[in-house]
Structure formats: C-alpha cells, structure tokens
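Colleague: everything below, folded, please.
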Amino acid sequence: MEINKKYSTVLFSALMSMAMSFTMSLTMAIINVGFVRHFPRVWAFGFLIGFIVAFPTSLIVMPFVRKIVSKITE
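Modeller: Coordinates of the predicted model:
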C-alpha cells in the first residue's frame, strides 16, 4: 500500500506523536503507579490522552520548528 506524498506531513506527525506518547505514557505510568495489577489500563489511558494532545500539537508546531532549525543550520 502506498500513500500519496501530500499526506507525508500528517503521517509523520501521527507516527511521531504515537511513538512519543507511547514512550512517555509508559515511563510516567511506571514512575507514578509502578507495575500494579491495573497498570495496562493506567498506561492505555495515559497513552490515549497523550496522543490526543500530541498529534494536533505536532501539526501546529512542526512548521515553526522547521523554520527555526533551518535558520540555525544555515
């Protein structure tokens, strides 16, 4: 399956947000509650909320970050 190149920014944001939300929610759940019986539920809730916030944020912030990186690396 190939996805049209015009969706690359959205796909990149979705995958990066998912990876970061997964990692951060897992880390914070371990720190805050440890490996308790209901850990999967705590982690899944944190992941869901994290992704809901991270995905649109990355779509909004990415153009600004690209400009900053471009200016720094000229």
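Colleague: list the contacts of the residue most central in space within the chain.
Modeller: Centroid-nearest residue in the chain: Ser17, 1.8 Å away (criterion: Cα atoms, centre = their mean). Contact partners of Ser17, counting by Cβ atoms under 8 Å, 6 or more residues apart in numbering, are 51, 54-55, 57-58. Placement of C-beta: from N, CA and C, glycine included.
Colleague: walking through this structure, point out its helices one by one.
Modeller: Counting by DSSP state H, the chain has helices at residues 8-33, 39-72.
Colleague: next, the angle from the first one to helix 39-72.
Modeller: In other words, helix 8-33. Helix 8-33 runs at 130 degrees relative to helix 39-72, counting by axes from the mean of the first three to the mean of the last three Cα atoms, to 10 degrees.
Colleague: just how off-centre is helix 8-33 within its chain?
Modeller: 4 Å (Cα atoms, centre = their mean, to the nearest Å).
Colleague: for it, list every residue counted as buried.
Modeller: 13-14, 17, 21, 25, 29 (16 or more other Cβ atoms under 10 Å).
Colleague: for these, which one is nearest Met1?
Modeller: Ala14 (15.3 Å; Cβ to Cβ).
Colleague: grab the nearest non-local neighbour of the closest one.
Modeller: For Ala14, ignoring the flanking residues on the chain, the nearest one in space by Cβ to Cβ, 6 or more residues apart in numbering is Phe55 at 6.0 Å.
Colleague: for Ser21, same thing?
Modeller: Gly50 (3.7 Å).
Colleague: number of nearby residues for the one you found?
Modeller: 20 (other Cβ atoms under 10 Å).
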